[in-house]
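Asker: sequence and computational prediction follow.
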There are 2 protein chains.
Amino acid sequence: MILEQLSSPSIWRAGLVAICAIAAAMTLAVPINTAHAASAVSHFKLKNGMEVVVIPDHRAPVVTHMVWYRVGAADEKRGVSGIAHFLEHLMFKGTKKIAPGEFSKIVARNGGEDNAFTGQDATSYFQRVAKDRLPLVMEMEADRMVNLRLLESDVDTERKVILEERRSRVENDPSNILSEQMTAALYQSHPYGTPILGWEHEMRTLDRKAATDFYERFYAPNNAILVVAGDVTANEVKKLARETYGKLKPRSERVRDARPKEPPHRAPIRLNLEDPRAGRATVQRSYLAPSYTSAEPGEAEALDLMMKILASGTTSQIYKRLVVEQKKAASAGGWFSGSGLDSGNLGVYAVASEGVEIADVEKALDKVLAEFIEKGATQKDLDRARNSYIASHIYGGDNQVRLARRYGWGLVNGRTIADIEAWPARLEKVTLEDVKRVAKKYFDAAQSVTGVLRPVEKKKADAQKAGHEGRKS
Amino acid sequence: MILEQLSSPSIWRAGLVAICAIAAAMTLAVPINTAHAASAVSHFKLKNGMEVVVIPDHRAPVVTHMVWYRVGAADEKRGVSGIAHFLEHLMFKGTKKIAPGEFSKIVARNGGEDNAFTGQDATSYFQRVAKDRLPLVMEMEADRMVNLRLLESDVDTERKVILEERRSRVENDPSNILSEQMTAALYQSHPYGTPILGWEHEMRTLDRKAATDFYERFYAPNNAILVVAGDVTANEVKKLARETYGKLKPRSERVRDARPKEPPHRAPIRLNLEDPRAGRATVQRSYLAPSYTSAEPGEAEALDLMMKILASGTTSQIYKRLVVEQKKAASAGGWFSGSGLDSGNLGVYAVASEGVEIADVEKALDKVLAEFIEKGATQKDLDRARNSYIASHIYGGDNQVRLARRYGWGLVNGRTIADIEAWPARLEKVTLEDVKRVAKKYFDAAQSVTGVLRPVEKKKADAQKAGHEGRKS
């Protein structure tokens, strides 16, 4: 799902919000994308190139303020993996006006909350505050867009934080170790293969200079999108934006380089991880697929609906067959991750039931997929999946933060407001034939990576390290 | 083997060699590495930074002339894979003084032969001519080091040539398709994972500008090593070098960037390729290992000897067990590829005998490895392997071209003349314990990629593309 599915290639940061008045200047704002007349959403550009989106939501006197940068981990140079995410942490260190660590405290003292996020394609900073605190957070966010001050000591401390983050998220969780390895195998040339957190040995070398270089290369109003959702009008936001972000000078060419295209894979890849810390044996498989941005028209919508039918929730075909009927799996499902700028992926997984061999589970999973490719879905399945997505789209529209994220994420990945809003209409057009066609096209074994995770006794794990027994999946 | 084993990550070009006198100037030459007093080899630097190695060999009035550049495919930027090799082809297009395509013809008309080579870490150009033609080839090589002239039309034609080279070498040979995919999986972060020939979709985009950028970045006397072997004295070569290469201006900083270090792999990887064109089923496995440049002292020598004992030739343990005794394999062997600048790899392979399942062959291969890790080699094995290498080192020293290549390759990868010449002495120091230790350390399943290639009927192959049967190895 393009809009809500930020979860897969992204890292959210938990953070904490005050008053800090900063002087303001003025810039003109010009409206853009006026075509989507029906939308309640306003979209315009400041003179310095910064885009602004305003989403009115007057149910409560609160606002969600987000700044999205068109840069993510996939824009890192080789050898400095993790710098996008590291910089996102360092953005909380302060400026001339705000002492290190004060940003989130100021937001909190003003009754708000803040957070930040780094993905492969985007980095965003977010605050949710009472309406009257909007000028404050706009001033603060504009300030750190260009005035970040990094002390060597802050950088050193924060490096420990990101290394600890990696340890707790990846090293302590064999399923995440496997996922990281699978992703690296799925993208052999494209930078999506590199973890957003970074490779540990490279994270250790990230320093003030690397962070500053990345900041200066990518952080500028002409590489950013402001999204404000809440109890405000477009005119109010326009005035505030001119007074804050509008005073920042654009920097010359900030546009990111095109990433290398992934070469076609020729053979299925399998990884087998045995870890004493693993729970039940699991099998997971990812297939290279297009994203909303890279797909032929209608394909991504069809993939979304297909995975809903096949693999989402307890009424999905995979769950019904493997868990309910055959009782081979304790859990099973899948996803379509279509929100990337350059590429997406399909995935399925199953957790073995007690006493069931994981190879049997995989065989059963394969059978469901083979039958789906052969027979496709029924009209009833398709209608139900579509209705469910449309309902969740509408439901998501009810949540201010999700709504703001939907627009920010869409725009940062090169989509238009009209595109974003026409998603339900495009879902309506997907036919059973479309679903069958994308199933046949993208469940292509040669484009897949399968990972099997098995628990193993500690002793045996040590013995196997050097040898070869138990290596095969 | 560090010295002769150029074959794995490298592409040799078959080319063809005249008279063309060009004006000459003078530069001073300073001797370097005088420590290796026993060596008959001279090693000095021209004032512009170009290194020169002279290897006297007076048995016949011929000379081997090589220029090695400290640049290879692993120095390419992302997205322009294949540019190092493409430029190597384009170097034969000509200069103001030499018409496109004339270089090799001139060498041939003068009774010589020429060739060129692109590896992950080095690019070299080579001519073998009668002694009195040495001034000619030095003039010509110095000319194209800085005066290459590329016409758009030549670039377009040559692009077709490299694409055809890829088609014939890779696309027409399933075992090379598999090897390419295995290498991509073995190096998930380091550029060694990218094929030297390039990914096809990127090769299609290589243009005059990309070639010129690469040429101007890396081709300069201060990034080159001249190796002359043959019926010449150091003084003769020094004089000629000053008159040809010596007149070229050094370019500011030509040193290549450090490549990213490969992150540790956590789980064994398997690839399974089925192709109607495959012959007998084969299994191949590569393990990440250090190279001579990156290894702890003595480890690369031990790895070399280990693979000699275990996997080289019909007297090796793998061959004896799998082919001679068990008759499970029609052929079997392995290698240590230790000549890379940043990393090496170990590999083993076996081709199934008629009627034998490849899984059985792999199991038998694993058993040989497991036993070797457990028991190690015998002193007799070790002495025989060592004697064989030392004999082949001496034998290689008898071949002018191989000898020149040995020094060029070693120096371009940051080794010294003394290092190169002390190889036999370092082999002498390897003990049975060393061999056992590297076996246990580097036959680490988690650092391996296993590829299985199976023949399959054409029809079945088509049917399997979309589905999942037969996918597992």
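Answerer: Here it is on my side, so go on.
Asker: please parse chain A into its domains.
Answerer: Listed domain ranges for chain A are A:10-247, A:269-466 (source: automatic domain parsing).
Asker: could the ones you listed go into CSV alongside mean neighbour count?
Answerer: Every C-beta, even on glycine, is put in place using the N, C-alpha and C of the backbone. Converted to CSV, those look like this (neighbours: other CB atoms under 10 Å in any protein chain shown):
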stretch, mean neighbour count
domain A:10-247, 20
domain A:269-466, 20
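Asker: now for the ones you listed, which one comes closest to residue B:399?
Answerer: Among the domains of chain A, the nearest to residue B:399 by CB to CB is domain A:10-247 (37.6 Å).
Asker: how far off centre is that closest one?
Answerer: 13 Å (CA atoms, centre = their mean, to the nearest Å).
Asker: can you give me the strands for the stretch 51-200 of chain A?
Answerer: Assigned by DSSP state E, counting those that start in this stretch, the strands in the stretch 51-200 of chain A fall at A:51-56, A:62-69, A:113-119, A:123-130.
Asker: and if you look at the stretch 251-400 of chain A?
Answerer: With DSSP E, counting those that start in this stretch as the criterion, the stretch 251-400 of chain A has strands at A:269-275, A:282-289, A:329-337, A:344-352.
Asker: so where's chain A shaky on pLDDT?
Answerer: A:1-38, A:254, A:458-473 (pLDDT under 70).
Asker: circling back to that earlier point, possible to save the strands of the stretch 251-400 of chain A as JSON lines with distance to chain B?
Answerer: As requested, the strands of the stretch 251-400 of chain A are exported to JSON lines (distance: least, CB to the nearest CB, whole Å):
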{"stretch": "strand A:269-275", "distance to chain B": "4"}
{"stretch": "strand A:282-289", "distance to chain B": "9"}
{"stretch": "strand A:329-337", "distance to chain B": "14"}
{"stretch": "strand A:344-352", "distance to chain B": "11"}
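Asker: of all the ones you listed, which lies closest to residue A:60?
Answerer: Residue A:60 lies closest to strand A:329-337 among the strands of the stretch 251-400 of chain A, at 32.3 Å (CB to CB).
Asker: enumerate the residues of the stretch 201-350 of chain A near chain B.
Answerer: Residues of the stretch 201-350 of chain A lying near chain B by CB under 8 Å from any CB of the partner chain: A:201-202, A:257-261, A:263, A:265-273.
Asker: by proximity to chain B, which residue of the stretch 1-150 of chain A wins?
Answerer: Nearest residue of the stretch 1-150 of chain A to chain B, counting by CB to the nearest CB: residue A:79, 4.0 Å away.
Asker: for that residue, which non-adjacent residue is closest in space?
Answerer: Excluding its sequence neighbours, the residue lying closest to residue A:79 (CB to CB, 6 or more residues apart in numbering or on different chains) is residue B:260, at 4.0 Å.
Asker: how deep is that neighbour tucked in, by neighbour count?
Answerer: Residue B:260 has 20 neighbours, counted by other CB atoms under 10 Å in any protein chain shown.
Asker: what sits against residue A:354?
Answerer: For residue A:354, the contact set (CB atoms under 8 Å, 6 or more residues apart in numbering or on different chains) comprises A:280, A:330.
Asker: I'd like the distance between it and residue A:328.
Answerer: 11 Å (CB to CB, to the nearest Å).
Asker: what residues does the stretch 51-200 of chain A have near chain B?
Answerer: Near chain B, when you scan the stretch 51-200 of chain A using CB under 8 Å from any CB, you find A:78-79, A:81, A:177-178, A:180-181, A:184-185, A:188-189, A:191, A:193-194, A:199-200.
Asker: and stretch A:374-387, how far out from the chain's middle?
Answerer: In terms of CA atoms, centre = their mean, the centre of stretch A:374-387 is set 27 Å apart from its chain centre.
Asker: how about that stretch as PDB, C-alpha atoms only?
Answerer: This file holds the C-alpha atoms of stretch A:374-387, laid out as PDB (Å, rounded to 0.1, in the frame of the first residue of the first chain):
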ATOM      1  CA  GLU A 374      -3.200 -20.700 -12.100                       C
ATOM      2  CA  LYS A 375      -6.700 -19.800 -11.000                       C
ATOM      3  CA  GLY A 376      -6.500 -16.200  -9.800                       C
ATOM      4  CA  ALA A 377      -9.000 -14.700  -7.500                       C
ATOM      5  CA  THR A 378     -12.800 -14.600  -7.500                       C
ATOM      6  CA  GLN A 379     -14.800 -11.400  -8.200                       C
ATOM      7  CA  LYS A 380     -16.000 -11.600  -4.600                       C
ATOM      8  CA  ASP A 381     -12.400 -11.700  -3.300                       C
ATOM      9  CA  LEU A 382     -11.400  -8.800  -5.400                       C
ATOM     10  CA  ASP A 383     -14.400  -6.700  -4.400                       C
ATOM     11  CA  ARG A 384     -13.800  -7.400  -0.800                       C
ATOM     12  CA  ALA A 385     -10.100  -6.500  -0.900                       C
ATOM     13  CA  ARG A 386     -10.900  -3.300  -2.800                       C
ATOM     14  CA  ASN A 387     -13.600  -2.300  -0.400                       C
END
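Asker: name the residues that touch that stretch?
Answerer: A:305-306, A:308-310, A:312, A:317, A:427-428, A:430-433, A:435-436, A:439.
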